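Novice: This is a predicted model, with the sequence first.
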Amino acid sequence: MIKSMTGFASLTREDEALTVSVTARSVNHRYLDLQVHLPPSLLRLEPRVRDEAQRRLARGRVEIRIAARRRGRPPVEVEVDEELIAALVDVAARPDVQRATGGRWTVGELLGFPQVVTVAERTAELGDDPDVETAVTGAVGEALGDLDRMRTSEGGHLRADLDERLVALGRLIERIEQDAGAGAQALGQRLTARLAEIGPDVHADQAALAQEVVRFVSRSDIHEEITRLRAHVSHWAALADAPEPCGRKLDFLLQEMNREVNTIGSKADGHETSGLVVAAKAELEKLREQAQNVE
């Protein structure tokens, strides 16, 4: 199946107790390269996240970022600087301070001094809460599903472009076969005519010479290469229609197709064959570039 390796998905899921955000993005890569980023309190979930990603994706560099926090007002921590309070009490006990303030300081006055009391929000740890695990893994599954659907949609566009180029390659194969066939026939006629011209001066078996002409012409025969090329094109369509990822198989198939075209270029003897072979190589290169995006 033709799927792209590039995609992006982002979502946020909330309930009464928890907010979970997941971002998943993927780009081209030869294999499946997973990078999972989790809060420290949820690192235990990394194996489950990786298993879910490997179940849905076959190739690509995939980055998954997960954030989770409890909803509601977080608990607070109150810290009192006891040494500073003691120092203030000592100051309050001095006669000059008592005369100036008219007596002892109240508790409220002491606590109101700067830096005596520090109030800070405490991060709520997610802990080993099964509900948290269920919420996080569910959100990850949704995000990966969205990512996979985007890659599938992009794959549809890739498939259309690849099919168009494959049709163009098929037309070139037909033209190469026709031109090379005509070239081989013309070569045989030229050799036969030339031997007829010099025949009386050549002290050799005419039958053996005729066989040598046939052998020489057969060296330019590309029937086998054309047959294999057509088989590769048919195999391409079968791979693209199959349900499993096919990017690496298409890459290998393109190498085989390029090898056949190179062989044709070295053997064929047609009037336009060289130019047609160059055009076929150009189409194969375009196919290869697009196939690099296929999962």
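Specialist: Cool, the structure landed. Numbers count the residues shown, from 1 in each chain.
Novice: okay, now the domains of the protein?
Specialist: The chain breaks down by automatic domain parsing into domains covering 7-72+129-152, 76-121, 154-291.
Novice: which stretch in these is the model least sure about?
Specialist: Lowest mean pLDDT of those: domain 76-121, a mean of 70.
Novice: returning to that earlier point: would you turn the domains of the chain into CSV with mean neighbour count and distance to residue 1?
Specialist: C-beta coordinates here come from the backbone N, C-alpha and C atoms, glycine included. What follows is the domains of the chain, written out as CSV (neighbours: other Cβ atoms under 10 Å; distance: least, Cβ to Cβ, whole Å):
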stretch, mean neighbour count, distance to residue 1
domain 7-72+129-152, 17, 8
domain 76-121, 11, 49
domain 154-291, 16, 6
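Novice: just the helices in the stretch 151-295 of the chain please.
Specialist: According to DSSP state H, counting those that start in this stretch, the stretch 151-295 of the chain carries its helices in the segments 206-218, 223-241, 247-267, 273-291.
Novice: One more: the stretch 1-150 of the chain?
Specialist: 46-56, 82-92, 95-101, 107-111, 130-198.
Novice: hey, C-alpha coordinates of the first one in PDB?
Specialist: I take that to be helix 46-56. The C-alpha trace of helix 46-56 is given here as PDB (Å, rounded to 0.1, in the frame of the first residue of the first chain):
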ATOM      1  CA  GLU A  46       7.200   4.500  27.200                       C
ATOM      2  CA  PRO A  47       7.200   0.700  26.300                       C
ATOM      3  CA  ARG A  48       3.400   0.900  25.700                       C
ATOM      4  CA  VAL A  49       3.700   4.000  23.600                       C
ATOM      5  CA  ARG A  50       6.400   2.400  21.500                       C
ATOM      6  CA  ASP A  51       4.400  -0.800  21.100                       C
ATOM      7  CA  GLU A  52       1.400   1.200  19.900                       C
ATOM      8  CA  ALA A  53       3.600   3.200  17.400                       C
ATOM      9  CA  GLN A  54       5.200   0.000  16.000                       C
ATOM     10  CA  ARG A  55       1.800  -1.600  15.600                       C
ATOM     11  CA  ARG A  56       0.600   1.300  13.400                       C
END
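Novice: Quick one: residues contacting residue 166.
Specialist: By Cβ atoms under 8 Å, 6 or more residues apart in numbering, the contact set of residue 166 is 233, 236, 237, 287.
Novice: surely residue 12 meets residue 23?
Specialist: No - the pair residue 12 and residue 23 does not pass the contact test of Cβ atoms under 8 Å, sitting 9.6 Å apart.
Novice: As CSV, could you dump the C-alpha coordinates of stretch 251-269?
Specialist: C-alpha atoms of stretch 251-269 as CSV (Å, rounded to 0.1, in the frame of the first residue of the first chain):
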residue,chain,number,x,y,z
ASP,A,251,13.0,1.0,-4.0
PHE,A,252,14.5,-2.5,-4.7
LEU,A,253,12.3,-2.9,-7.8
LEU,A,254,13.4,0.5,-9.2
GLN,A,255,17.0,-0.7,-8.9
GLU,A,256,16.2,-3.7,-11.0
MET,A,257,14.3,-1.6,-13.5
ASN,A,258,17.2,0.7,-13.8
ARG,A,259,19.6,-2.2,-14.4
GLU,A,260,17.4,-3.5,-17.3
VAL,A,261,17.3,0.0,-18.9
ASN,A,262,21.1,0.3,-18.7
THR,A,263,21.5,-3.1,-20.4
ILE,A,264,19.1,-2.0,-23.1
GLY,A,265,21.1,1.1,-23.6
SER,A,266,24.3,-0.9,-24.1
LYS,A,267,22.7,-3.5,-26.5
ALA,A,268,20.0,-1.8,-28.6
ASP,A,269,20.9,-0.4,-32.0
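Novice: quick check, distance from it to the centre of its chain.
Specialist: 28 Å (Cα atoms, centre = their mean, to the nearest Å).
Novice: cool, and stretch 167-179?
Specialist: Distance, centroid of stretch 167-179 to centroid of chain: 32 Å (Cα atoms, centre = their mean).
Novice: List of residues touching that stretch?
Specialist: Contacts for stretch 167-179 (Cβ under 8 Å, 6+ apart): 222, 226, 229-230, 233, 257, 264, 268, 270-273, 276-277, 279-280, 283-284, 287.
Novice: how about a cut-off of 10 Å?
Specialist: For stretch 167-179, the surrounding residues in contact (Cβ atoms under 10 Å, 6 or more residues apart in numbering) are 222-223, 225-227, 229-230, 232-233, 236, 257, 260-261, 264-265, 268-284, 286-287.
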